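**Student:** Sequence and predicted model, in that order:
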Amino acid sequence: MNTGLMWFRRDLRLHDNAALYHALKAHDRVFACFCFDTEILDKLKDRADRRIEFIRQSIAELDAGLQERRAGLIVRHGIASEEIPKLAGELGVRTVYANHDYEARRLARDRLVARTLASDGRSLETFKDHVIFEKDEVLTAAGQPFRVYTPYRNAWHSKLTEFYIKAYPCETYFDRLAAPPTRVKSHPWTPAALNFKQIDILWPGGTRAGRDQFDEFLTRVDDYVTARDIPSIRGTSELSVHLRFGTVSIRELVSEALAHGSAGARKWVDELVWRDFHNMVLHHWPHITTKAFQPAYDALEWRQDRGDFAAWCEGRTGFPIVDAAMRQLNTTGYMHNRLRMVAASFLTKDLRIDWRWGERYFADKLLDYDLSQNVGNWQWSASIGTDAQPYFRVFNPVAQSERFDPDGAFIRKFVPELAGFPADCIHEPHASGPLEQRGYGCVIGEDYPAPIVDHAAARLASIAMFKKVRAG
DNA sequence: TTTTGAGTTGTTCGA
DNA sequence: GTCGAACAACTCAAA
């Protein structure tokens, strides 16, 4: 029997899925599986992990969709590089199908799977699915990968044709989806069975939720250009977690946004181009996960201050917008785009703490965490990455707060002890006098911390830290 | 081939 | 309050 196996990873959908389409097209019968990889699970810091919950919800929908077509999802729990070849053997499939991953560890895993399968006369076939353009698809005129976003974006748009955003019509072959034989065991995926605690997530998993979210965003995409910067209102698409786990199709999003055509929709597509850009950069310069993209900046002498780092993590720096941002991350597993820049700038410029500490902290907390995006944006904020913001550009946390949270609504939500401050005082509460503070129901230094750094001095120290490296 | 100009997200200073 | 300059140096495309 000519059978294949679809291995779902960060592409948890049955529609417009490159690997699934190729599997279905090439085989009479196709099985579907997902593996909870213990090599990843065992590293998670917290037994209540929001990403596990999102995956659980998404594969529940995936399984239901397969059941409707008289098939079903085989779930495994173990070391994926061992489980997948083992399962392929149990099922007697000739070929395993998956979509490209771009992270070094996942690539090593996939190479191992391919080798193990090959030793048994089977093969692993992988496809581009997660991005519009990957690897070497968009290059400079000289045939080199871009190091700067804007020319990359221009080349990206020039190369884009219908071909690249056309959906893979998986449904044409859905009758080829096969139910797993009863002798093939599936691992339960309740939180208890996975040794995880249930935890609430801001966005439910699954493709239905992803589609609803996108439809809802399209009703307000015209306001995107300005609204996207205001954390107290829903101005962004909030599709990041769906993009991360493939419960939406990037082709579908780009195709529909371009068809929409408004200035807001076009701006949003350019943000999706950033996603391709960071992904491409990680492919070409894999060292950026641990080293500066610009090698000269490896010599920067970051402060190794655990106390200040803890204050940043816990949202008690005394800078309301930074603390509100960190508390949003800690309590919801999400942080608004604008605030990610403010928080990252504060850690790397005001506190001069190693960007890698911050990158790691975000990695542990973010529901939508994606290695390439997180590393790329942290290095951008720290002024050491591709297309780096100049080192002398240091965000002023008070100015950012006044500009993007003018009425203090976001601060009030996540730093409720400051809720009594009027809008013009909430951004810098320590500047109010002691009597006023008492009147606003919050004494700085008692009910809310005083600033842990002087921004003006910290800014000069940061610029000096960079200058030293450049001079040396 | 060389030159020129523009470049995600900013801030401060001085006129 | 508003405005332009300065804060550097490199990538890339276009002239």
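**Tutor:** Arrived safely, thanks for sending.
**Student:** Can you list the residue ranges for strands in the stretch 101-250 of chain A?
**Tutor:** A:123-127 (DSSP state E, counting those that start in this stretch).
**Student:** residues from it in reach of DNA strand B?
**Tutor:** A:148-150, A:229 (CB under 7 Å from any atom of the strand). To be clear about C-beta, it is placed using only N, CA and C from the backbone, and glycine gets the same treatment.
**Student:** Pull out the buried residues from those.
**Tutor:** Neighbour-count burial (16 or more other CB atoms under 10 Å) is assigned, among those, to A:149, A:229.
**Student:** Which helix or which strand is home to the nearest residue to A:H157 once chain neighbours are set aside?
**Tutor:** Closest residue to A:H157 apart from its sequence neighbours, by CB to CB, 6 or more residues apart in numbering: A:V273 at 7.7 Å. Assigned by DSSP states H and E, A:V273 belongs to helix A:263-284.
**Student:** what's the helix or strand of chain A with the lowest mean pLDDT in contact with?
**Tutor:** Sorting the helices and strands of chain A by mean pLDDT, DSSP states H and E puts helix A:455-471 at the bottom, at a mean of 90. For helix A:455-471, the surrounding residues in contact (CB atoms under 8 Å, 6 or more residues apart in numbering) are A:296-297, A:299-301, A:319, A:348-352, A:383, A:391-392, A:394, A:396-398.
**Student:** Mind giving me the PyMOL command for buried ones among these?
**Tutor:** Provided next is the PyMOL selection string for whichever of the contacts of helix A:455-471 are buried by 16+ other CB under 10 Å:
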select buried, chain A and resi 297+300+319+348+349+350+351+352+383+391+394+396+397+398
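**Student:** Okay, the closest residue to A:A227 other than its chain neighbours and A:W268: tell me how far apart.
**Tutor:** Excluding the flanking residues, the one nearest A:A227 by CB to CB, 6+ apart is A:G235, at 2.9 Å. Distance, A:G235 to A:W268, using CB to CB, to the nearest Å: 11 Å.
**Student:** quick one: common contacting residues for those two?
**Tutor:** A:Y224.
**Student:** tally of neighbours for A:D110?
**Tutor:** By the other CB atoms under 10 Å criterion, the neighbourhood of A:D110 contains 20 residues.
**Student:** distance of it from A:L73?
**Tutor:** For A:D110, the distance to A:L73 - CB to CB - is 20 Å.
**Student:** likewise A:V248?
**Tutor:** Counting by CB to CB, the gap from A:V248 to A:L73 is 19 Å.
**Student:** ok, now A:W357?
**Tutor:** Taken as CB to CB, the span from A:W357 to A:L73 is 38 Å.
**Student:** same check, this time on A:N330
**Tutor:** 33 Å.
**Student:** For those two, indicate the residue with more neighbours.
**Tutor:** A:L73 (23 against 15).
**Student:** Quick check: beta-bridge partners of the more buried one?
**Tutor:** A:A32 (DSSP bridges).
**Student:** Show the contacting residues for it.
**Tutor:** A:8, A:32-34, A:59, A:62-63, A:66, A:186 are the contacts of A:L73 under CB under 8 Å, 6+ apart.
**Student:** among those residues, which are in helices?
**Tutor:** A:59, A:62-63, A:66 (DSSP state H).
**Student:** picking up where we left off before, list the buried ones in the helix holding A:V273?
**Tutor:** Buried-residue list, helix A:263-284, by 16+ other CB under 10 Å: A:264-266, A:268-269, A:272-283.
**Student:** check contacts around the residue in the stretch 101-250 of chain A that DNA strand B sits nearest to.
**Tutor:** Distances between the stretch 101-250 of chain A and DNA strand B by CB to the nearest atom of the strand are smallest at A:T150, namely 2.9 Å. For A:T150, the contact set (CB under 8 Å, 6+ apart) comprises A:D387.
**Student:** okay, it: pLDDT?
**Tutor:** pLDDT for A:T150: 90.
**Student:** can you check the one 5 residues further on too?
**Tutor:** Residue-level confidence at A:A155 comes out at 94, pLDDT.
**Student:** Let me see the contact set for the residue lying closest to it once chain neighbours are set aside.
**Tutor:** Closest residue to A:A155 apart from its sequence neighbours, by CB to CB, 6+ apart: A:V138 at 5.1 Å. By CB under 8 Å, 6+ apart, the contact list for A:V138 reads A:146, A:152, A:155-156, A:159, A:276, A:280.
**Student:** Most neighbours among those, please name it.
**Tutor:** Neighbour max across those (other CB under 10 Å) = A:M280, 26 neighbours.
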